[in-house]
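J.: Model the structure of this input:
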Amino acid sequence: MKSMADLGQELSIQVVIVGGAGTVRLPDGRRFWQSPSFPPVTLPRGRAHALLRDHLEEREHAYGWAYLVPPPRFDPEGPRTGHIARWSAQSDESDFLRSSPSYADFAQAVRQAALTPWQGVCLVGRNDTGQPA
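T.: Got it, this is the predicted structure:
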C-alpha cells in the first residue's frame, strides 16, 4: 500500500498535511504531547500525529509533501493580517509553543504551502519571530 507522500510524488502533486501541536519537540527530547500541560483529551491525536511526523521525516529525501504543525493556541477572533512565520524542524521547538496566529492567517499559510509549494515539516505561527513564510 502506498503512502500519501508516495502517491503525491508519483503523481507530481503537492500533499499538504495539517498536523498537531503535540508533535513539537521539547528541549529534553520529549514531544509536547508528553508534557503535563498537553490536554489529556487530545492525547490520542497528539501521539498519532507524532508518529506520522516521524514517518514523514524518515522519508525527507522524497519531498512532494509538507507537514504543517500549528501552535497549540489560536486567536479565534483575530483578523487576517498576513503576518505568518514558518520555522523549520529543530531539536528544540519549544519557543514555537508561544505563537498564536489567527485562524485566517493559518488558513493563508495552508494555501501558500499548497501553491508555493513548501517542503517537509514546517511549524507555522504568528510572525513575532522566525523566518518569513
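J.: Go ahead and confirm Ala85 touches Gly125.
T.: Yes - with contact defined as Cβ atoms under 8 Å, Ala85 reaches Gly125; the gap is 5.7 Å. For glycine as for every other residue, the C-beta is placed from the backbone atoms N, C-alpha and C.
J.: what residues do the two have in common as contacts?
T.: Ser99 (Cβ atoms under 8 Å, 6 or more residues apart in numbering).
J.: ok, residues contacting the biggest strand by length in the chain?
T.: Longest strand of the chain, by residue count under DSSP state E: strand 120-126. Strand 120-126 has contacts (Cβ under 8 Å, 6+ apart) with 24, 53, 56-57, 60, 63, 65-71, 75, 83-89, 93, 96, 99-101, 105-106, 109, 113, 133.
J.: got the CA coordinates for that strand in PDB?
T.: In PDB, the C-alpha atoms belonging to strand 120-126 read as follows (Å, rounded to 0.1, in the frame of the first residue of the first chain):
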ATOM      1  CA  GLY A 120       9.000  18.900   4.600                       C
ATOM      2  CA  VAL A 121       8.000  19.800   8.200                       C
ATOM      3  CA  CYS A 122       7.000  23.400   8.700                       C
ATOM      4  CA  LEU A 123       6.000  24.900  12.000                       C
ATOM      5  CA  VAL A 124       3.500  27.700  11.200                       C
ATOM      6  CA  GLY A 125       2.700  30.600  13.600                       C
ATOM      7  CA  ARG A 126       2.400  34.300  14.100                       C
END
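J.: buried sites along it?
T.: Of the residues in strand 120-126, 121-126 count as buried by neighbour count, 16 or more other Cβ atoms under 10 Å.
J.: For that strand, give the mean pLDDT please.
T.: When pLDDT is averaged along strand 120-126, the result is 93.
J.: Neighbouring strands - and their directions - for it?
T.: Strand 120-126 pairs in its sheet with strand 65-69 (parallel), strand 84-88 (antiparallel), by DSSP bridges.
J.: Export the first one to PDB, keeping only CA atoms.
T.: Provided in PDB are the C-alpha atoms of strand 65-69 (Å, rounded to 0.1, in the frame of the first residue of the first chain):
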ATOM      1  CA  TRP A  65       4.700  16.800   0.800                       C
ATOM      2  CA  ALA A  66       4.500  19.500   3.500                       C
ATOM      3  CA  TYR A  67       3.600  18.700   7.100                       C
ATOM      4  CA  LEU A  68       2.300  21.800   8.800                       C
ATOM      5  CA  VAL A  69       2.500  22.000  12.500                       C
END
